[in-house]
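# next comes the sequence, and after it the predicted model I'd like to discuss.
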Amino acid sequence: MSGVPIGGISPEEAARIAQAEVAKNAPVFSQYGGGFVDYTDNDFVAGIKTVLPINTPWQLNRDLAATGANVRLNTPFAGHQFWDNAAKLIRGRALYDTMMMSIAIRVVPDQLGGVLRVALQAGAIEIGGKNMAITAPVGVMESIRVDFIFPVRPSLLTNGAKMMLTTNVPMTLIETSPEFYAIGFTPS
């Protein structure tokens, strides 16, 4: 772009100044996004296994901890705890943030033909659920991964969200390892 200077500056300079003003007033959000945090299942590390009840939703109550090497949260998420270990709930940072949770689950089926339902429930509202076929032979561990993308709505912000597991056959939970990604936020 070239042309006649406007008010003593070129159009190129005027565009650069306008872009700088927009950037200066924009919320801080890293070019890499809001970051992520990976939680370690301390119950797995301690060798604790959980026999899941059949056809009954079970709230995940594992001891999960964010490890320093796996906490890479950027502003405005830095310092936020997505997993409330005391209450065993997912916690949103602010209303209408957008989060992604990717959870790795390892189970051992005691019977063929199993389906494991993984759901997120905020208060009485299910905010996401997926059925996963467990195809491993009896007694053999299977690893699955389930991803959820969801906004932080009022019920999640107020109540937190439970991770619920439901199985239709006898199954033992070996490990859960959730990762949370901050993928969008509401400017304050």
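Done, it's in. In this text, all values refer to a predicted model and were calculated from it rather than measured experimentally.

# what's the end-to-end length of stretch 71-78?
Across its full length, stretch 71-78 reaches 9 Å between end residues, using Cα to Cα, to the nearest Å.

# next one: stretch 86-106
Stretch 86-106 has an end-to-end distance of 23 Å (criterion: Cα to Cα).

# quick one: buried residues of it?
Across stretch 86-106, burial judged by 16 or more other Cβ atoms under 10 Å covers 88-93, 97-103, 105-106. Bear in mind the C-beta positions are built from the backbone N, C-alpha and C, glycine included.

# show me what contacts the residue at minimal distance from the centre of the chain?
Central residue check for the chain by Cα atoms, centre = their mean: the C-alpha nearest the mean position is that of Met101, 2.3 Å away. Met101 makes contact with Phe82, Ile90, Leu120, Asp147, Phe148, Phe150, Pro178, Glu179, Phe180, Tyr181 under the criterion Cβ atoms under 8 Å, 6 or more residues apart in numbering.

# out of those, name the ones that lie in strands.
Per DSSP state E, strands hold the following members of the contacts of Met101: Ile90, Leu120, Asp147, Phe148, Phe150, Pro178, Glu179, Phe180, Tyr181.
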